[in-house]
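Engineer: fold the following, please.
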Amino acid sequence: KTITETNYDYLEVDTPTPTPAPTPAPAPPPTPAPTAAPTPTPAATLGHKFYRYEVPTSSANGAHLCINELQLWADGALVSTPPTKCDAETAAPCARTSSQYSDWSADEAFDGKNLGTGGRGWCAASGTGYGWIQYEFPEPVEVTEVKLWFWRSDHSARGEAYLEASNDGSAWVRLKTITETNYDYLEVDTPTPTPAPTPAPAPPPTPAPTAAPTPTPAATLGHKFYRYEVPTSSANGAHLCINELQLWADGALVSTPPTKCDAETAAPCARTSSQYSDWSADEAFDGKNLGTGGRGWCAASGTGYGWIQYEFPEPVEVTEVKLWFWRSDHSARGEAYLEASNDGSAWVRLKTITETN
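Structural biologist: Predicted coordinates:
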């Protein structure tokens with residue numbers, strides 16, 4: 001979901017969930033028919049339109065995030081990425097970034113001129129040390145490997161970084177979580193779907209007595225992890241502070257015991273990107289403050305961005321999320337996201353929230 005409101009002190013958002021398929025009616029006994037040539041199965045569409053490398057704020061270095069060159073490869077062949085910067089007048093194929101230092105722009109990371117350290121490339125805005133760079137194609141493109149050269153190892157990530165992909169620039173799939181840190185060169189394989197083989201022709205059916213149909217198991221609904229995130233680009237000038245976060249399913253409040261995740265506490269529990277003083281994650285799930293002011297969870301002082309998530313031991317269906325903020329200026333100044341995961345690593349964006357404040 002994309003949230004377009006801004007400067008809110010209360011937020012209520014529906015989240016899409018899959019609908020289980022109905023149990024099929026019993027089929028009549030098959031009638032023998034002449035063997036026909038099989039219909040070819042179309043090949044699966046491989047790849048995505050958008051590919052992104054991202055260093056989150058929690059992995060920021062103390063200087064700049066600087067990438068000299070980013071290359072996309074498919075089965076040993078270099079994918080063409082013309083060195084063009086996306087803007088209002090330039091459509092895909094082109095490169096886009098979260099921010100830019102001076103004239104060190106996105107296109108310089110795709111010009112093929114600097115496969116090493118030093119020199120020139122793209123850098124995020126001064127003093128951030130985090131951000132993202134992505135390449136956008138007009139149609140899906142298969143990518144099986146990504147190679148990156150950094151200005152210097154201390155201008156890369158100090159913690160986890162991510163390779164992500166999308167077909168619309170809004171709903172992102174995490175292809176890989178990169179756990180190495182402080183690198184000046186990075187080479188990462190990316191998983192891609194394998195098209196199903198064309199089935200062999202089936203023999204003509206043999207009539208059989210009608211049997212009772214086997215029930216179709218219900219689809220598994222929901223996820224184990226639900227997260228609300230305000231990225232650095234939407235930071236407010238103070239704190240990100242949430243008094244209460246509620247998860248709902250078809251009009252019923254989902255149970256979220258107010259417990260904070262730590263090394264000794266497993267799901268169900270709440271986890272956050274950072275914490276101000278003793279305003280901890282569990283206070284956003286205690287049901288005590290459905291309004292402004294008072295107490296709740298706040299991100300670390302002076303950040304104004306971050307995330308809060310609830311973790312379940314098994315998938316749980318959620319159709320709506322309700323949030324109360326400490327005050328409207330302690331919410332997001334730009335886009336925020338509702339995301340879900342089943343392993344805490346690969347995230348699906350359920351909604352992009354464009355409302356602010």
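
Engineer: avg pLDDT for stretch 190-209?
Structural biologist: In this model, stretch 190-209 has a mean pLDDT of 57.

Engineer: and what of stretch 108-126?
Structural biologist: On average, the pLDDT along stretch 108-126 is 93.

Engineer: quote the end-to-end distance of it.
Structural biologist: Using Cα to Cα, to the nearest Å, the end-to-end distance of stretch 108-126 comes to 17 Å.

Engineer: now do the buried residues in that stretch.
Structural biologist: 108-111, 114, 117, 120-125 (16 or more other Cβ atoms under 10 Å). (Each C-beta comes from the backbone N, C-alpha and C, glycine too.)

Engineer: okay, and which of those map to strands?
Structural biologist: Secondary structure from DSSP state E places 122-123 of these in strands.

Engineer: can you redo the buried residues of stretch 108-126 as CSV with distance to Pro83?
Structural biologist: What follows is those, written out as CSV (distance: Cβ to Cβ, whole Å):
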residue, distance to Pro83
Glu108, 7
Ala109, 8
Phe110, 4
Asp111, 4
Asn114, 12
Thr117, 20
Arg120, 12
Gly121, 11
Trp122, 11
Cys123, 16
Ala124, 18
Ala125, 21
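
Engineer: nearest to Ala249, of the buried residues of stretch 108-126?
Structural biologist: Nearest to Ala249 among those is Ala124, at 39.1 Å by Cβ to Cβ.

Engineer: isn't that closest one right up against His64?
Structural biologist: Yes. Assessed by Cβ atoms under 8 Å, Ala124 is found in contact with His64 at 5.9 Å.

Engineer: which residues do these two both contact?
Structural biologist: Common neighbours of Ala124 and His64, using Cβ atoms under 8 Å, 6 or more residues apart in numbering, are Tyr101.

Engineer: nearest to Cys261 among the buried residues of stretch 108-126?
Structural biologist: Scanning the buried residues of stretch 108-126 for proximity to Cys261, where the rule is Cβ to Cβ, the winner is Ala124, at 29.8 Å.

Engineer: could you check how far the closest one is from Asp278?
Structural biologist: 32 Å (Cβ to Cβ, to the nearest Å).

Engineer: where does the chain have its least confident helix or strand?
Structural biologist: Counting by mean pLDDT, DSSP states H and E, the chain has its least confident helix or strand at strand 5-6, which shows a mean of 76.

Engineer: now do it: distance to the chain's middle.
Structural biologist: Centroid separation for strand 5-6 versus its chain: 21 Å, with Cα atoms, centre = their mean, to the nearest Å.

Engineer: mind giving me the packing neighbours of it?
Structural biologist: In terms of contacts (3 or more Cβ pairs under 8 Å, 6 or more residues apart in numbering; DSSP states H and E), strand 5-6 is packed against strand 355-356.

Engineer: could you list the paired strands of the strand it packs on along with their orientation?
Structural biologist: Strands that pair with strand 355-356, judged by DSSP bridges, come out as strand 5-6 (parallel).

Engineer: what does the partner strand contact?
Structural biologist: Residues contacting strand 5-6 (Cβ under 8 Å, 6+ apart): 11, 332-334, 353-357.

Engineer: Leu253: which of the residues you listed is nearest?
Structural biologist: Looking across these and measuring by Cβ to Cβ, the closest to Leu253 is Leu11, at 16.1 Å.
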